[in-house]
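**Student:** 3D, please:
(2 chains)
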There are 2 protein chains.
Amino acid sequence: MARISIIGTGNMGQTLSSRFAQGGHAVESFGSSDGDKPVTGDIVVLAVPYPALAGIVAERGEQLAGKVVVDLTNPVDFQTFDSLTVPADSSAAAELATALPSSAVLKAFNTTFAGTLASGTVGEDPTTVLIAGDDARAKETLAQVVTSSGLRAIDAGALKRARELEALGFLQISLAAAEKVSWTGGFAVIS
Amino acid sequence: MARISIIGTGNMGQTLSSRFAQGGHAVESFGSSDGDKPVTGDIVVLAVPYPALAGIVAERGEQLAGKVVVDLTNPVDFQTFDSLTVPADSSAAAELATALPSSAVLKAFNTTFAGTLASGTVGEDPTTVLIAGDDARAKETLAQVVTSSGLRAIDAGALKRARELEALGFLQISLAAAEKVSWTGGFAVIS
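**Tutor:** Model prediction:
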């Protein structure tokens, strides 16, 4: 059983909270009015939109030291819907890792719509969580949480791969927004 | 029936040639010794590795004017396997479009392994060809070729999206190389 803190009570936060609880993990959730409540989990999922990351770093940076911190953001420019807002050779996760040098930052859950995390399937295929990060033990810990919660997990490589995961997340969102795929579909990972 | 020229007789070139012929299209293939033979198709697929594009542009640039030119390359740095060789804010397709201003350059087939183009399936799911480009009519022409040849096609947006398609292609290759997915699997697109 892992102790997991989820910051953010939106669609993704609620869905992951239910999933992990089903998997037998101890989950605590943090809404926007819980700024004074310290996180106690060993894994902290930042289930917030990309622009909210900086505020969390400022507010909770010290609390996050020594913890596995999971970034699920897709830093899409929702004004133009035509690019990401992070530098082309970087990623939201890479920026977060720089801002949190004492945390093990992982990229995960940004290529899985909330609907597919809730259902456990993408169409007829099992939902697969792609995890990128530089700390092998942290990735293994998160992968165990994911699989014990009824989803598949694949190690997608170093944190540098977050750039490709965010490109995939952006592409998937743009296809769904254009009604080329549904919000319960998208990219399934076939072994 | 479309007239299609395929430059390159490797795995991808052969597979696409068979597919399109099955779809009733007129296909002509060009190997490395066919430099003097002009292309006559309305659609020209450059089924070559990324480093070969520059030579084709130099050799056949004028022949390609007015045609639909399809780039399927994944410009992966195969020395390090850790990045793409094109600038982070660009793509192989964008470079090709700049080099061929009189052609309608499309990105397609770079997110589908040859095995999935041959079988028509990714696992249990139909193989889906993601097509990006700035010429709507060219995309529609290619989409019709793809669907008449027994595959699914999705318009993935403007040529700018080639950047994300190449990121997806790179990620998929890296997962297959690491044996996380098989070369007959990878990303399926679920509507």
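**Student:** And for the residue most central in space within chain A, nearest residue in space, chain neighbours not counted?
**Tutor:** By Cα atoms, centre = their mean, chain A has its centre lying nearest to A:L72, at 2.3 Å. Closest residue to A:L72 in three dimensions, ignoring its sequence neighbours and counting by Cβ to Cβ, 6 or more residues apart in numbering or on different chains: A:F109, at 3.9 Å. In short, each C-beta sits where N, CA and C put it, glycine included.
**Student:** And the one you found, how close does it get to chain B?
**Tutor:** Using Cβ to the nearest Cβ, to the nearest Å, we find A:F109 at a distance of 16 Å from chain B.
**Student:** so which strand or helix has A:V105?
**Tutor:** Using DSSP states H and E, A:V105 sits in strand A:104-107.
**Student:** so the helix or strand hosting A:V189 versus strand B:186-190, what angle?
**Tutor:** Assigned by DSSP H and E, A:V189 falls within strand A:186-190. Interaxial angle of strand A:186-190 relative to strand B:186-190 (axes from the mean of the first three to the mean of the last three Cα atoms, to 10 degrees): 140 degrees.
**Student:** and the residue nearest to the centre of chain A, what does it touch?
**Tutor:** The neighbours of A:L72, taking Cβ atoms under 8 Å, 6 or more residues apart in numbering or on different chains as the test, are A:12, A:45-47, A:107-110.
**Student:** can you redo those residues as TSV with neighbour count and secondary structure?
**Tutor:** Output for the contacts of A:L72, formatted as TSV (neighbours: other Cβ atoms under 10 Å in any protein chain shown; DSSP: H, G, I helix; E, B strand; the rest coil):
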residue	neighbour count	secondary structure
A:M12	23	helix
A:V45	28	strand
A:L46	27	strand
A:A47	26	coil
A:K107	30	strand
A:A108	26	coil
A:F109	27	coil
A:N110	27	coil
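**Student:** Contacts only, for the residue nearest to A:L72.
**Tutor:** Contacts of A:F109 by Cβ under 8 Å, 6+ apart are A:12, A:16, A:45, A:70, A:72, A:117, A:129.
**Student:** Mind doing that once more with 10 Å?
**Tutor:** By Cβ atoms under 10 Å, 6 or more residues apart in numbering or on different chains, the contact list for A:F109 reads A:12, A:15-16, A:19, A:45, A:47, A:70-73, A:117, A:129-131, A:142, A:146, A:151, A:165, A:169.
**Student:** likewise A:K160?
**Tutor:** Contacts of A:K160 (Cβ under 10 Å, 6+ apart): A:89-91, A:93-94, A:107, A:132-134, B:82-83.
**Student:** what pLDDT does it get?
**Tutor:** For A:K160, the pLDDT comes out at 98.
**Student:** how near is it to A:Q172?
**Tutor:** 20 Å (Cβ to Cβ, to the nearest Å).
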